[in-house]
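[1] Make a model of this:
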Amino acid sequence: MNPIRCTWANPANPRYLAYHDHEWGVPCHDETTLFEMLNLEGAQAGLSWETILNKRETYRAAFDGWDAGRIARYDEAKVASLLADPGIVRNRLKVAAAVNNARAYLALREEGSSLDQWLWDFVDGTPIVNDWPDGARPARTDLSDRISKALGKRGFKFVGSTIVYAYMQGIGMVDDHDRDCFCRRRR
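    You can find the predicted model right below:
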């Protein structure tokens, strides 16, 4: 018997199920994964998360394993090669945002902070566990508004409040699993 999952988890896609079961809503403190997810959520703007998730491995290869130091040094030739890669979303603004975000991320690190520390300070290091009626999750919250604005001030791109709220869910700052989802009972 299959476990009960959140209504959005597509049972026909093993990647999606693995993401739901093992990542979504699970607190993440790994710098590379936090940077990756921030950029993938931005790439998802206007598309489905499933589309991006299906391209995740190609993104990792195309963006040098999400090594911010390398990405920050991308030149026009590298950007052009990315825009020609059918395995990622070939949107000039989204690719430029990833390069820009690498530079903003490195600036944060140069100040002696980490993305992990900076983000998790917004929730005092403790995930927010919501109890929304199933399927009634908001697209944004006051907290995602604040984080979005703070990221923007730091120079990050494609970090609107809706993107940031999805990011918060993806990295486990927020746990929005449905009430009857088996992942909710893990707590």
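[2] Once you drop chain neighbours, what's closest to Arg146?
    Phe122 (7.1 Å; C-beta to C-beta, 6 or more residues apart in numbering). Where C-beta positions appear, they are placed from N, C-alpha and C, glycine not excepted.
[3] meant to ask about Asn101
    Phe156 (5.2 Å).
[4] For the residue nearest to Arg146, list the residues it contacts.
    By C-beta atoms under 8 Å, 6 or more residues apart in numbering, the residues touching Phe122 are Leu143, Arg146, Ile147, Ala150, Met173.
[5] Can you give me the pLDDT of the spatially most central residue of the chain?
    Centroid-nearest residue in the chain, with C-alpha atoms, centre = their mean: Met37, separated by 2.9 Å. Residue-level confidence at Met37 comes out at 98, pLDDT.
[6] Next, the contact list for it, please.
    Met37 neighbours (C-beta under 8 Å, 6+ apart): Cys28, Tyr167, Gly170, Ile171.
[7] and the gap between the nearest residue to the first one once chain neighbours are set aside and His29?
    If the residues on either side of it in the chain are set aside, Cys28 comes closest to Ile171, at 4.3 Å by C-beta to C-beta, 6+ apart. When C-beta to C-beta, to the nearest Å is applied, the distance between Ile171 and His29 equals 9 Å.
[8] and what of Ile71?
    21 Å.
[9] Which residue of the two possesses the greater neighbour count?
    In terms of neighbours (other C-beta atoms under 10 Å), Ile71 is the more surrounded of Ile71 and His29; the figures are 22 against 15.
[10] in the host helix or strand of the more buried one, what counts as buried?
    Element membership for Ile71 (DSSP states H and E) is helix 68-72. Residues of helix 68-72 classed as buried: Ala68, Ile71, Ala72 (neighbour count, 16 or more other C-beta atoms under 10 Å).
[11] Is the last one in contact with Ala102, as I believe?
    Yes: contact criterion C-beta atoms under 8 Å: Ala72 and Ala102 qualify, at 4.1 Å.
[12] any low-confidence regions in the protein?
    Scanning the chain for pLDDT under 70 picks out 134-135, 185-187.
[13] longest helix anywhere in the protein?
    helix 92-110 (DSSP state H).
[14] in that one, what counts as buried?
    Residues of helix 92-110 classed as buried: 94-105, 108 (neighbour count, 16+ other C-beta under 10 Å).
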